[in-house]
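Give me a 3D structure for the following:
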Amino acid sequence: MFSNNSTTNCLHAVQACLCLVIVAVPACVLFHHRQELYPMPYSSINWDAARNQIAKEDLYYPHPIIQDILWWTLYKAEALLLGSSLRKAALNEVIRHVHYEDANTRYLDIGPVNKVINMLCCWLEDPTSLAFKKHLPRVHDYLWVAEDGMKMQGYNGSQLWDTAFAAQAMLDTGLTDMAGQALRKAHSYVEQSQVVQEADPPLSKYYRHISRGAWPFSTRDHGWPISDCSSEGLKAALGLAALGQPQLVGAAISRERLEEAVRVILSYQNKDGGMATYENTRSFHWLEILNPAETFGDIIVDYSYVECTSACITALAAFDRLYPNSRWSSQIASTLDKAESFVRRIQRPDGSWYGSWGVCFTYATWFGVTALACRGHTATLDPAVHKACAFLVGKQRLDGGWGESYLSCQDKVYTQLEDDSHVVNTAWAMMTLLAANYHTLDPKPLHKAAAYLLRKQEASGDWPQQHISGVFNRNCMITYANYRNIFPIWALGLYHRLVLLKHSRVCTGSDCGSSSSNSQTNSSSSKSWLCAVSDFYTSP
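Okay, the predicted model is just below:
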């Protein structure tokens, strides 16, 4: 996973350069780095003027005048505060948070920006310190060499995220005997990456959400819990356990650890019924006026998102079906009701949802419909689900696929790709229609989409790497290299089961996925359950 935003790439290059400079890079190397990074001689740069310079292509959120006044005031005030007790107290508070973050992420830190900044802080505090020495080897977790040179990832990887999706995709194909070895390895990684130790107390002092039982985006070492990663990790673990073949895929994760995950997922619900990413929504949208990052939008507050909320809905419902009448059942039922209301409330008039973590309306509509389908609502009976399906069907292209541009993310208007359709977009659209039971109304869009995916598959079994499919903060694009295989496999597996083999729904109505379902329904659903999209389906 890496950012494709030009400003961010430049920043990452600077960070990589700084990492090298710290450990005594020769002057000639430093000179060449500066030549590469800056459009004018380094000695001629006016750093005061450069403070507000940004390429017009990257200017997504221009500074309001209140920010210009605030940053200028703080810049001037710093010189007046040098040596003061106030500044010393502030610096002590900052370094305390730096050391806490370092220790609780095994010196990875939450991302590459504060990884490098924290490392610089440790070096400035004491170049010979153990903290700085522990930072150095973990720089390599972010660096990688591509065909066009060294890059710095936007995270230390997407290992858990990719693995959880891949496991669910393989389970849903029904080809578990063929995929047994891969599923065993995936199961092992899911088990190893679950966070089993809480961050150091007191959590409130360092503004940390609970994390024991959660899953991170990447590795256990990283340790930062995320609502949708926890949910996808839980669904993968439940699906592998529900397969009932430990000799094939390995021993199931203990119920105690699964319940820890449920506890964390439940804790993410905000007052609006939705779920955010790393923590609950703690403040107000008006604070975005202080957003200092011209390239990103909506970064000050952690908001509720349809993707995170949907992942939590499907994970909690899956757990409740496999473990009916648990100590969490009552809270799960209440949480699911509120979360469903949130998903319905933020649906757009055209039937779509806006995507904040993938491109874009196609991605989010998959999550929105999956959440409602998990609650037992289908295109045949639910107007909201039918409208979402109609939205997607209306965007299908002549070649049978779907192809949405990253421009949808920044402009918030559905924008078609100019060239070929996109295998990942097509897979998301197919999975949406299948989750909604749309194939019982009209299977033709799915036939065309499946044919498109089959045509695009290469002789090796791989699918081509096409346009970028991930995003964060509206304007920073992310490459997920594994998506091009995970989602076509998943979509075609579901298409084969639900359309060609005509597998049918186990239960109908709002009782599907609800704690109020009777034990017989829960038992039947649990027996046939694999993962979120297909968890209500079984053979006739």
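
Now do the biggest helix by length in the chain, average pLDDT.
If you go by DSSP state H, the chain has its longest helix at helix 85-104. Helix 85-104 shows an average pLDDT of 96 in the prediction.

Tell me which residues of it come out buried.
Residues I95, V98, H99, E101, D102, N104 are the ones in helix 85-104 that count as buried (16 or more other C-beta atoms under 10 Å). (Glycine included, C-beta is placed from N, CA and C.)

Spell out the secondary structure type for the nearest residue to the fourth one once chain neighbours are set aside.
Translated: E101. The spatial neighbour of E101 that comes closest, neighbours along the chain excluded (C-beta to C-beta, 6 or more residues apart in numbering), is D109 at 5.7 Å. Assigned by DSSP: H, G, I helix; E, B strand; the rest coil, the conformation of D109 is coil.

correct me, but D109 touches D102?
Yes. With the criterion set as C-beta atoms under 8 Å, D109 and D102 qualify as a contacting pair; they are 6.6 Å apart.

and for the two, which residues touch both?
With C-beta atoms under 8 Å, 6 or more residues apart in numbering applied, the overlap between the contact sets of D109 and D102 consists of N118.

How about the contacts made by the residue nearest to E101?
Applying C-beta under 8 Å, 6+ apart as the definition, the contact partners of D109 turn out to be E101, D102, K115, N118.

residues contacting the first one?
Yep, that's E101 we're talking about. Listed by C-beta under 8 Å, 6+ apart, the contact partners of E101 are D109, I110, N114, N118, Y206.

just to revisit the earlier point, using TSV, lay out the contacts of D109 together with distance to N46.
Formatted as TSV, the entries for the contacts of D109 read as follows, by distance: C-beta to C-beta, whole Å:
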residue	distance to N46
E101	33
D102	34
K115	29
N118	28
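
Looking at those residues, which one is closest to A199?
A199 has its nearest neighbour among the contacts of D109 in E101, at 9.6 Å by C-beta to C-beta.

And the lowest mean pLDDT element among the helices and strands of the chain?
Of the helices and strands making up the chain, the lowest-confidence element is helix 519-528, at a mean of 34, by mean pLDDT, DSSP states H and E.

separation between the residue nearest the centre of the chain and S158?
A centroid search over the chain (C-alpha atoms, centre = their mean) returns W357, at 6.0 Å, as the residue closest to the centre. In this structure, W357 and S158 are separated by 11 Å, where distance is defined by C-beta to C-beta, to the nearest Å.

what is in contact with those two at once?
Common neighbours of W357 and S158 (C-beta under 8 Å, 6+ apart) do not exist.

mind listing the helices for the stretch 251-400 of the chain?
Listed in chain order, the helices of the stretch 251-400 of the chain (DSSP state H, counting those that start in this stretch) span 255-267, 306-322, 329-345, 361-374, 383-395.

no, scratch that, I was asking about the stretch 1-150 of the chain
The residue ranges that make up the helices of the stretch 1-150 of the chain, judged by DSSP H, counting those that start in this stretch, are 6-22, 27-37, 47-50, 65-81, 85-104, 112-125, 130-135.

could the ones you listed go into a markdown table alongside distance to I289?
Shown next, in a markdown table, are the helices of the stretch 1-150 of the chain (distance: least, C-beta to C-beta, whole Å):
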| stretch | distance to I289 |
| --- | --- |
| helix 6-22 | 21 |
| helix 27-37 | 31 |
| helix 47-50 | 23 |
| helix 65-81 | 6 |
| helix 85-104 | 23 |
| helix 112-125 | 21 |
| helix 130-135 | 34 |
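
Which one, of those, ends up nearest to A251?
Among the helices of the stretch 1-150 of the chain, the nearest to A251 by C-beta to C-beta is helix 85-104 (28.8 Å).

Quick one: distance of the closest one to the chain centre.
On the basis of C-alpha atoms, centre = their mean, to the nearest Å, helix 85-104 sits 29 Å off its chain's mean C-alpha point.

Next, the angle helix 65-81 makes with it.
In terms of direction (axes from the mean of the first three to the mean of the last three C-alpha atoms, to 10 degrees), helix 85-104 departs from helix 65-81 by 110 degrees.

on that earlier part again, list buried members of the contacts of E101 by neighbour count.
Of the members of the contacts of E101, the ones counted as buried by neighbours, 16+ other C-beta under 10 Å, are D109, I110, N114, N118.

ok, which pair from these is furthest apart?
I110 and N118 (9.7 Å).

SS state for L240?
Classification of L240 using three-state DSSP returns helix.

ok, it touching L171?
Yes. Applying C-beta under 8 Å, one finds L240 in contact with L171, separated by 7.2 Å.

Neighbour count: the two, which is higher?
Counted by other C-beta atoms under 10 Å, L240 and L171 do not tie: L240 has more neighbours, with 30 against 26.

and P201, helix, strand or coil?
Assigned by three-state DSSP, the conformation of P201 is coil.

As TSV, the buried residues of helix 85-104 with distance to L248 would be great.
As requested, those are exported to TSV (distance: C-beta to C-beta, whole Å):
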residue	distance to L248
I95	50
V98	46
H99	45
E101	40
D102	40
N104	36
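
circling back to that earlier point, of all the helices of the stretch 1-150 of the chain, which lies closest to H187?
Evaluated with C-beta to C-beta, those place helix 85-104 nearest to H187, the distance being 26.5 Å.

returning to what we had before: out of the helices of the stretch 251-400 of the chain, which gets nearest to I486?
helix 361-374 (13.1 Å).

Output the closest one as PDB - backbone C-alpha positions only.
C-alpha atoms of helix 361-374 as PDB (Å, rounded to 0.1, in the frame of the first residue of the first chain):
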ATOM      1  CA  PHE A 361     -19.600   5.400  -4.500                       C
ATOM      2  CA  THR A 362     -19.200   1.800  -5.800                       C
ATOM      3  CA  TYR A 363     -17.100   0.900  -2.700                       C
ATOM      4  CA  ALA A 364     -19.300   2.500  -0.200                       C
ATOM      5  CA  THR A 365     -22.600   1.200  -1.800                       C
ATOM      6  CA  TRP A 366     -21.200  -2.300  -1.400                       C
ATOM      7  CA  PHE A 367     -20.800  -1.700   2.400                       C
ATOM      8  CA  GLY A 368     -24.100   0.100   2.700                       C
ATOM      9  CA  VAL A 369     -26.100  -2.600   1.000                       C
ATOM     10  CA  THR A 370     -24.200  -5.400   2.800                       C
ATOM     11  CA  ALA A 371     -25.100  -3.900   6.100                       C
ATOM     12  CA  LEU A 372     -28.800  -3.800   5.200                       C
ATOM     13  CA  ALA A 373     -28.700  -7.200   3.600                       C
ATOM     14  CA  CYS A 374     -27.100  -8.500   6.800                       C
END
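
what is the rounded mean pLDDT of that helix?
Helix 361-374 shows an average pLDDT of 96 in the prediction.

from here on, count from 21
OK, 21 is where the count begins now, so the last one is helix 381-394.

now for that helix, which elements pack on it?
Under the contact criterion of 3 or more C-beta pairs under 8 Å, 6 or more residues apart in numbering; DSSP states H and E, helix 381-394 touches helix 326-342, helix 349-365, helix 403-415, helix 443-455.

and the third one, what does it pack onto?
Yep, that's helix 403-415 we're talking about. In terms of contacts (3+ C-beta pairs under 8 Å, 6+ apart), helix 403-415 is packed against helix 381-394, helix 443-455.

and with 10 Å instead?
Packing partners of helix 403-415 (3 or more C-beta pairs under 10 Å, 6 or more residues apart in numbering; DSSP states H and E): helix 349-365, helix 381-394, helix 443-455, helix 464-476.

now swap in the last one and tell me
In terms of contacts (3+ C-beta pairs under 10 Å, 6+ apart), helix 443-455 is packed against helix 179-193, helix 381-394, helix 403-415, helix 464-476, helix 503-515.
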